[in-house]
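A.B. asks: sequence below, structure please.
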Amino acid sequence: MKKLLAVFSTLIFFFVCFLRIRRDTHDFKLEKVVFRSPKLSANSPLTILQISDLHNHVFGSDNERFINMVKAANADLIVLTGDLVDKRTMTFDQVFSLIERLTAINEHVYFVSGNHEWENGRTEEFFNSLRKRGVIILNNRNTCITKKHSTINLAGVDDFSTEHENLSGAFSNINKAYYTILLSHAPDIVKQYDTIPADLILSGHTHGGQVRFPLIGALVAPGQGFFPSLNKGTYQLGSNQHLYIDSGVGTTRLPIRFLNQSQLTLITITHE
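C.D. replies: Numbering: from 1, shown residues only. Below is the predicted model:
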(Lines give C-alpha, C1' and ligand atoms only; values in the text may rest on other atoms or scores of the structure.)
Protein backbone atom coordinates (compact mmCIF):
# COMPACT_ATOMS: atom_id res chain seq x y z
CA MET A 1 0.00 0.00 0.00
CA LYS A 2 2.81 2.41 0.83
CA LYS A 3 4.53 1.68 -2.49
CA LEU A 4 1.27 2.20 -4.36
CA LEU A 5 0.70 5.50 -2.56
CA ALA A 6 4.26 6.63 -3.37
CA VAL A 7 3.82 5.77 -7.05
CA PHE A 8 0.44 7.51 -7.17
CA SER A 9 1.84 10.64 -5.48
CA THR A 10 4.78 10.71 -7.90
CA LEU A 11 2.47 10.45 -10.89
CA ILE A 12 0.30 13.29 -9.54
CA PHE A 13 3.41 15.42 -8.96
CA PHE A 14 4.67 14.95 -12.51
CA PHE A 15 1.20 15.55 -13.95
CA VAL A 16 0.89 18.83 -12.03
CA CYS A 17 4.37 19.85 -13.22
CA PHE A 18 3.39 18.99 -16.80
CA LEU A 19 0.29 21.17 -16.57
CA ARG A 20 2.33 24.04 -15.11
CA ILE A 21 4.99 23.74 -17.83
CA ARG A 22 2.32 23.72 -20.52
CA ARG A 23 0.63 26.81 -19.10
CA ASP A 24 3.84 28.77 -18.51
CA THR A 25 5.12 27.97 -22.01
CA HIS A 26 2.00 28.41 -24.12
CA ASP A 27 -0.24 30.79 -22.15
CA PHE A 28 1.00 34.32 -21.60
CA LYS A 29 0.11 37.11 -19.21
CA LEU A 30 0.34 40.89 -19.15
CA GLU A 31 2.75 42.08 -16.47
CA LYS A 32 2.32 45.68 -15.32
CA VAL A 33 4.99 47.95 -13.83
CA VAL A 34 5.05 51.65 -12.99
CA PHE A 35 7.94 54.11 -12.88
CA ARG A 36 7.71 57.71 -11.66
CA SER A 37 9.67 60.80 -12.61
CA PRO A 38 9.32 64.58 -12.28
CA LYS A 39 10.53 64.81 -15.90
CA LEU A 40 7.05 63.87 -17.15
CA SER A 41 4.15 66.30 -17.20
CA ALA A 42 1.53 65.93 -14.50
CA ASN A 43 -1.56 63.96 -15.53
CA SER A 44 0.20 62.82 -18.73
CA PRO A 45 1.39 59.24 -18.14
CA LEU A 46 3.11 57.40 -20.96
CA THR A 47 2.47 53.69 -21.58
CA ILE A 48 4.90 51.34 -23.30
CA LEU A 49 4.23 47.73 -24.25
CA GLN A 50 7.45 45.71 -24.14
CA ILE A 51 7.69 42.49 -26.14
CA SER A 52 10.88 40.50 -25.83
CA ASP A 53 12.42 37.19 -26.89
CA LEU A 54 9.63 35.89 -29.10
CA HIS A 55 11.97 33.41 -30.81
CA ASN A 56 9.44 32.94 -33.61
CA HIS A 57 6.92 31.42 -31.19
CA VAL A 58 3.30 31.41 -32.38
CA PHE A 59 0.41 31.64 -29.92
CA GLY A 60 -2.72 30.19 -31.49
CA SER A 61 -3.89 30.63 -35.05
CA ASP A 62 -1.93 33.54 -36.58
CA ASN A 63 -1.11 34.78 -33.06
CA GLU A 64 -4.72 35.84 -32.56
CA ARG A 65 -4.60 35.64 -28.76
CA PHE A 66 -1.35 37.58 -28.74
CA ILE A 67 -2.77 40.35 -30.93
CA ASN A 68 -5.90 40.62 -28.78
CA MET A 69 -3.76 41.28 -25.71
CA VAL A 70 -1.76 43.93 -27.57
CA LYS A 71 -4.99 45.66 -28.56
CA ALA A 72 -6.34 45.49 -25.01
CA ALA A 73 -3.12 47.01 -23.60
CA ASN A 74 -3.67 50.07 -25.82
CA ALA A 75 -0.13 51.37 -25.22
CA ASP A 76 1.23 54.64 -26.58
CA LEU A 77 4.14 52.80 -28.16
CA ILE A 78 5.49 49.26 -28.56
CA VAL A 79 9.12 48.31 -28.01
CA LEU A 80 10.62 45.02 -29.21
CA THR A 81 13.75 44.26 -27.21
CA GLY A 82 15.38 41.65 -29.42
CA ASP A 83 15.31 37.99 -30.43
CA LEU A 84 12.13 38.15 -32.47
CA VAL A 85 13.55 35.12 -34.28
CA ASP A 86 15.80 32.28 -33.25
CA LYS A 87 19.21 31.68 -34.76
CA ARG A 88 17.76 28.46 -36.22
CA THR A 89 14.71 30.17 -37.77
CA MET A 90 14.66 29.33 -41.48
CA THR A 91 11.63 31.32 -42.58
CA PHE A 92 10.45 34.70 -41.30
CA ASP A 93 6.86 34.46 -42.54
CA GLN A 94 5.32 33.96 -39.10
CA VAL A 95 7.14 36.81 -37.40
CA PHE A 96 6.54 39.16 -40.34
CA SER A 97 2.82 38.38 -40.18
CA LEU A 98 2.88 39.34 -36.49
CA ILE A 99 4.87 42.52 -37.17
CA GLU A 100 2.40 43.63 -39.83
CA ARG A 101 -0.45 43.20 -37.37
CA LEU A 102 1.45 45.10 -34.66
CA THR A 103 2.18 48.08 -36.92
CA ALA A 104 -1.47 48.09 -38.01
CA ILE A 105 -2.45 48.48 -34.35
CA ASN A 106 0.22 51.02 -33.42
CA GLU A 107 2.40 53.04 -35.80
CA HIS A 108 4.98 53.60 -33.07
CA VAL A 109 6.86 50.28 -33.00
CA TYR A 110 10.57 50.33 -32.08
CA PHE A 111 13.10 47.51 -32.21
CA VAL A 112 16.61 46.74 -30.98
CA SER A 113 18.51 43.65 -32.05
CA GLY A 114 19.22 40.60 -29.94
CA ASN A 115 21.96 38.03 -30.21
CA HIS A 116 19.80 35.62 -32.23
CA GLU A 117 19.22 38.17 -34.98
CA TRP A 118 22.99 38.49 -35.37
CA GLU A 119 23.56 34.72 -35.17
CA ASN A 120 20.84 33.83 -37.69
CA GLY A 121 22.94 34.48 -40.79
CA ARG A 122 20.28 36.58 -42.55
CA THR A 123 20.65 39.62 -40.33
CA GLU A 124 20.51 42.48 -42.83
CA GLU A 125 17.69 40.84 -44.78
CA PHE A 126 15.69 40.61 -41.56
CA PHE A 127 16.39 44.21 -40.51
CA ASN A 128 15.48 45.57 -43.95
CA SER A 129 12.23 43.62 -43.93
CA LEU A 130 11.34 45.09 -40.53
CA ARG A 131 11.94 48.59 -41.87
CA LYS A 132 9.71 47.91 -44.88
CA ARG A 133 6.95 46.94 -42.47
CA GLY A 134 7.14 50.23 -40.57
CA VAL A 135 9.31 49.20 -37.61
CA ILE A 136 11.78 51.83 -36.40
CA ILE A 137 15.15 50.22 -35.64
CA LEU A 138 17.17 51.99 -32.97
CA ASN A 139 20.57 50.71 -34.04
CA ASN A 140 22.88 52.69 -31.75
CA ARG A 141 20.83 55.86 -32.09
CA ASN A 142 17.99 57.71 -30.40
CA THR A 143 14.77 59.52 -31.16
CA CYS A 144 12.51 61.98 -29.35
CA ILE A 145 8.86 61.12 -28.73
CA THR A 146 6.10 63.46 -27.57
CA LYS A 147 2.87 61.96 -26.29
CA LYS A 148 0.18 63.42 -24.06
CA HIS A 149 2.19 66.61 -23.42
CA SER A 150 5.21 64.58 -22.24
CA THR A 151 8.44 64.23 -24.18
CA ILE A 152 10.91 61.38 -23.74
CA ASN A 153 14.13 60.24 -25.31
CA LEU A 154 14.12 56.68 -26.62
CA ALA A 155 17.60 55.31 -27.29
CA GLY A 156 18.64 51.87 -28.45
CA VAL A 157 21.81 49.84 -28.79
CA ASP A 158 22.47 46.88 -31.03
CA ASP A 159 23.05 43.68 -29.10
CA PHE A 160 25.64 44.01 -26.35
CA SER A 161 26.24 40.27 -25.90
CA THR A 162 27.55 39.98 -29.49
CA GLU A 163 29.53 43.24 -29.18
CA HIS A 164 27.49 45.29 -31.62
CA GLU A 165 26.66 48.09 -29.20
CA ASN A 166 27.81 51.68 -29.53
CA LEU A 167 26.66 53.44 -26.38
CA SER A 168 28.05 56.86 -27.30
CA GLY A 169 26.24 56.68 -30.63
CA ALA A 170 23.01 55.71 -28.93
CA PHE A 171 23.11 58.84 -26.75
CA SER A 172 24.56 61.24 -29.32
CA ASN A 173 23.13 64.80 -29.01
CA ILE A 174 20.48 63.68 -26.55
CA ASN A 175 18.58 66.24 -24.46
CA LYS A 176 19.18 65.17 -20.87
CA ALA A 177 16.31 67.29 -19.59
CA TYR A 178 13.87 64.71 -20.97
CA TYR A 179 13.11 61.35 -19.39
CA THR A 180 15.41 58.90 -21.16
CA ILE A 181 14.83 55.21 -21.88
CA LEU A 182 17.50 52.88 -23.25
CA LEU A 183 16.52 49.69 -25.05
CA SER A 184 19.25 47.06 -24.68
CA HIS A 185 18.53 43.41 -25.37
CA ALA A 186 21.15 42.20 -22.88
CA PRO A 187 20.95 43.60 -19.33
CA ASP A 188 24.64 42.82 -18.77
CA ILE A 189 25.40 46.16 -20.38
CA VAL A 190 24.93 47.79 -16.96
CA LYS A 191 27.92 45.79 -15.66
CA GLN A 192 30.17 46.86 -18.52
CA TYR A 193 29.48 50.60 -18.49
CA ASP A 194 29.77 52.56 -15.25
CA THR A 195 27.69 55.46 -16.55
CA ILE A 196 24.63 55.03 -18.73
CA PRO A 197 22.73 58.33 -19.11
CA ALA A 198 19.26 56.77 -18.98
CA ASP A 199 16.54 56.94 -16.37
CA LEU A 200 15.22 53.52 -17.36
CA ILE A 201 16.85 50.60 -19.17
CA LEU A 202 14.57 47.99 -20.74
CA SER A 203 16.09 44.59 -21.47
CA GLY A 204 15.26 40.97 -22.17
CA HIS A 205 17.68 38.17 -23.14
CA THR A 206 17.55 36.18 -19.87
CA HIS A 207 14.07 34.66 -20.32
CA GLY A 208 13.85 35.07 -16.56
CA GLY A 209 15.98 31.95 -16.39
CA GLN A 210 13.25 30.19 -18.41
CA VAL A 211 13.09 27.52 -15.67
CA ARG A 212 12.82 28.75 -12.10
CA PHE A 213 12.49 27.02 -8.73
CA PRO A 214 11.02 28.19 -5.41
CA LEU A 215 13.49 29.99 -3.11
CA ILE A 216 16.22 29.64 -5.77
CA GLY A 217 14.75 31.63 -8.66
CA ALA A 218 16.53 31.46 -12.01
CA LEU A 219 19.03 28.64 -12.36
CA VAL A 220 20.93 29.96 -15.38
CA ALA A 221 20.84 32.89 -17.80
CA PRO A 222 22.87 33.58 -20.97
CA GLY A 223 26.00 35.61 -20.33
CA GLN A 224 25.69 35.23 -16.56
CA GLY A 225 25.92 31.49 -15.98
CA PHE A 226 24.38 29.81 -12.95
CA PHE A 227 22.28 31.75 -10.44
CA PRO A 228 22.29 35.03 -12.41
CA SER A 229 22.12 38.26 -10.45
CA LEU A 230 20.16 40.04 -13.19
CA ASN A 231 17.39 37.79 -14.43
CA LYS A 232 13.87 39.19 -14.17
CA GLY A 233 11.93 42.21 -12.96
CA THR A 234 12.98 45.65 -11.66
CA TYR A 235 16.45 46.53 -10.34
CA GLN A 236 17.34 49.92 -8.88
CA LEU A 237 20.72 51.04 -10.20
CA GLY A 238 20.77 54.51 -8.66
CA SER A 239 18.53 56.92 -6.84
CA ASN A 240 16.66 57.75 -10.04
CA GLN A 241 17.70 54.96 -12.38
CA HIS A 242 16.13 51.54 -12.92
CA LEU A 243 16.71 48.44 -15.01
CA TYR A 244 13.70 46.38 -16.01
CA ILE A 245 14.20 42.88 -17.44
CA ASP A 246 11.24 41.35 -19.22
CA SER A 247 11.32 37.54 -19.09
CA GLY A 248 9.87 37.31 -22.59
CA VAL A 249 7.34 35.21 -24.43
CA GLY A 250 9.36 32.57 -26.27
CA THR A 251 11.88 29.85 -25.50
CA THR A 252 15.21 28.70 -26.86
CA ARG A 253 17.19 25.47 -26.47
CA LEU A 254 14.75 23.74 -24.11
CA PRO A 255 11.21 24.50 -25.41
CA ILE A 256 9.76 24.82 -21.91
CA ARG A 257 9.14 27.32 -19.15
CA PHE A 258 8.52 26.45 -15.51
CA LEU A 259 7.34 28.80 -12.73
CA ASN A 260 8.07 31.57 -15.21
CA GLN A 261 5.05 32.25 -17.40
CA SER A 262 5.45 33.83 -20.83
CA GLN A 263 4.63 37.52 -20.63
CA LEU A 264 4.36 40.91 -22.22
CA THR A 265 4.92 43.96 -20.02
CA LEU A 266 2.87 47.13 -19.93
CA ILE A 267 5.10 49.87 -18.53
CA THR A 268 3.56 53.09 -17.25
CA ILE A 269 5.77 56.13 -16.68
CA THR A 270 4.02 58.86 -14.77
CA HIS A 271 4.71 62.13 -13.01
CA GLU A 272 6.26 61.74 -9.57
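A.B. asks: which one's the longest helix in the chain?
C.D. replies: Across the chain, the helix with the greatest residue count (assigned by DSSP state H) is helix 2-26.
A.B. asks: who are the packing partners of that one?
C.D. replies: Helix 2-26 is packed against strand 262-271, with contacts defined by 3 or more Cβ pairs under 8 Å, 6 or more residues apart in numbering; DSSP states H and E. C-betas here are computed from N, CA, C, even on glycine.
A.B. asks: where exactly do the helices run in the chain?
C.D. replies: Remark: helices of the chain, listed N- to C-terminal, are 2-26, 64-73, 93-105, 115-119, 123-132, 167-170, 189-192; assignment by DSSP H.
A.B. asks: and the spatially most central residue of the chain, what is it in contact with?
C.D. replies: Taking Cα atoms, centre = their mean, the centroid of the chain lies closest to Ser52, which sits 2.8 Å from it. Applying Cβ atoms under 8 Å, 6 or more residues apart in numbering, we find Ser52 in contact with 80-83, 185, 203-205, 246-249.
A.B. asks: what sits up against stretch 143-158?
C.D. replies: With contacts defined as Cβ under 8 Å, 6+ apart, stretch 143-158 is touched by 39-41, 44-46, 76-77, 79, 108, 110-113, 118, 136-142, 164-167, 170-171, 174-175, 178-184, 189, 198, 269.
A.B. asks: among those residues, name the buried ones.
C.D. replies: The neighbour-count criterion (16 or more other Cβ atoms under 10 Å) marks 39-40, 45-46, 76-77, 79, 108, 110-113, 118, 136-142, 164-165, 167, 170-171, 174, 178-184, 189, 198, 269 among those as buried.
A.B. asks: in strands, which of the residues you listed fall?
C.D. replies: Members of these lying in strands (criterion: DSSP state E): 46, 77, 79, 110-111, 136-137, 141-142, 179-183, 269.
A.B. asks: quick one on the thing from earlier: which among the contacts of Ser52 count as buried?
C.D. replies: Buried positions within the contacts of Ser52, assessed by neighbour count (16+ other Cβ under 10 Å), are 80-83, 185, 203-205, 246-249.
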